[in-house]
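Peer 1: when you get a sec, could you give me coordinates for this:
(one chain, ligands or ions: 1)
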Amino acid sequence: MNIAEHAEPTTKRVTLTFDNGPVPGVTERVLEILEQARIRSTFFVIGRNLDNPAAARLMRRAHAAGHWIGNHTLSHTVALGDRTGRDYALSEIEGAQARIGSCAHAEKLFRPYGNSGHLGPHLLSRAALDHLLAQNYRTITWNNVPGDWKDPDGWVDRCIAQVSTEPWSVVVLHDIEGGCLARLGELLRRLADRGVTFEQDFPGAVTLTRGGQIVSLPQGYVAD
Ligand SMILES: [Zn+2]
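Peer 2: Numbers count the residues shown, from 1 in each chain. Down below sits the predicted model:
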């Protein structure tokens, strides 16, 4: 018998991320489900949301529970590559970072606004990229966007199918009204049944910048 043929299949790794919150009424329930499953994740928060004290409290609660807090822009309205001025980049990045304050991850996690999960030149402007490098942000994208906010029936199946195609999936979910909450428990059970390993960290393949260096920046992610 050939032992290699019977080697265990490589375990899939899955990192969960929750974008566009915190949203009172939703984020606390997401936190409860993650706690029950003993999974730590990253919440990429919108800076403007934190002007609501209840949302800011939820961010602090997530941080205290061991989740990482990342910056998902101040306004989440116009992508950085679609408004390329330096002032806009600074206000979108630093306006959110200031509101995150002491809950920020030591590596200053930042996720650009993708406009429905798209990857392309709208993600970053040259000014934004220069700033993220100069200020040592760790810029994180994704490779699994199942569409929880637009397809409540199909997103769990799509997420699991995509997980089976990637050695390390970075999944974008949303802790917003009409987002992942209703089926998050089901997703976690089905992934656990498949023996995936839940991670909190991110692979280099979705890391655009880290510690002042470009890690993996595909051509065409920066508008000039
Ligand atoms: Zn978003």
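Peer 1: contacts, neighbours, all on C-alpha from now
Peer 2: Will do.
Peer 1: how far away from the center of its chain is stretch 38-54?
Peer 2: 11 Å (Cα atoms, centre = their mean, to the nearest Å).
Peer 1: contacts for it?
Peer 2: With contacts defined as Cα atoms under 8 Å, 6 or more residues apart in numbering, stretch 38-54 is touched by 15-24, 34, 55-56, 62, 66-76, 95-97, 99-100, 110-111, 198-200.
Peer 1: repeat that for stretch 182-196.
Peer 2: Residues from elsewhere that reach stretch 182-196, judged by Cα under 8 Å, 6+ apart: 11-14, 30, 33, 37, 156, 160.
Peer 1: show me how far that stretch is from its chain's centre.
Peer 2: Computed by Cα atoms, centre = their mean, the chain-centroid distance of stretch 182-196 equals 18 Å.
Peer 1: same check, this time on stretch 38-55
Peer 2: Averaging C-alpha positions (Cα atoms, centre = their mean) puts stretch 38-55 11 Å from its chain's average.
Peer 1: give the buried residues for that stretch.
Peer 2: 39-50, 55 (16 or more other Cα atoms under 10 Å).
Peer 1: still on that earlier bit, give me the buried subset of the contacts of stretch 38-54.
Peer 2: 15-24, 34, 55-56, 62, 67-76, 95-97, 99-100, 110-111, 198-200.
Peer 1: hmm, who's touching the helix or strand of the chain with the lowest mean pLDDT?
Peer 2: Of all helical and strand segments in the chain, the minimum by mean pLDDT, DSSP states H and E falls on strand 222-223, at a mean of 93. Identification of contacts with strand 222-223 by Cα under 8 Å, 6+ apart yields 81-82, 84, 120-126, 129.
Peer 1: same check, this time on stretch 131-138
Peer 2: 89-90, 107-110, 139, 207-214.
Peer 1: list the contacts for Ala37?
Peer 2: Leu188.
Peer 1: for Arg158, that is, sorry about that
Peer 2: So Arg158 contacts Pro146 (Cα under 8 Å, 6+ apart).
Peer 1: buried stuff in the strand or helix carrying it?
Peer 2: Per DSSP states H and E: Arg158 is located in helix 155-163. Buried residues in helix 155-163, defined by neighbour count with 16+ other Cα under 10 Å: 155-156, 158-160, 162-163.
Peer 1: quick one: mean pLDDT for the helix or strand just after that helix?
Peer 2: Following helix 155-163 in sequence order, the next helix or strand is strand 168-174 (DSSP H and E). Average pLDDT, strand 168-174: 98.
Peer 1: send me strand 168-174 as PDB with only the CA atoms.
Peer 2: Taking Å, rounded to 0.1, in the frame of the first residue of the first chain, the C-alpha atoms of strand 168-174 are listed here in PDB:
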ATOM      1  CA  TRP A 168      -6.700  29.600   3.300                       C
ATOM      2  CA  SER A 169      -9.900  31.500   2.800                       C
ATOM      3  CA  VAL A 170     -10.400  35.000   4.100                       C
ATOM      4  CA  VAL A 171     -14.200  35.300   4.200                       C
ATOM      5  CA  VAL A 172     -16.000  38.700   4.100                       C
ATOM      6  CA  LEU A 173     -19.300  38.700   6.100                       C
ATOM      7  CA  HIS A 174     -21.300  41.600   7.400                       C
END
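Peer 1: which secondary structure elements does that strand sit against?
Peer 2: For strand 168-174, the elements it packs on are strand 13-19, helix 155-163, judged by 3 or more Cα pairs under 8 Å, 6 or more residues apart in numbering; DSSP states H and E.
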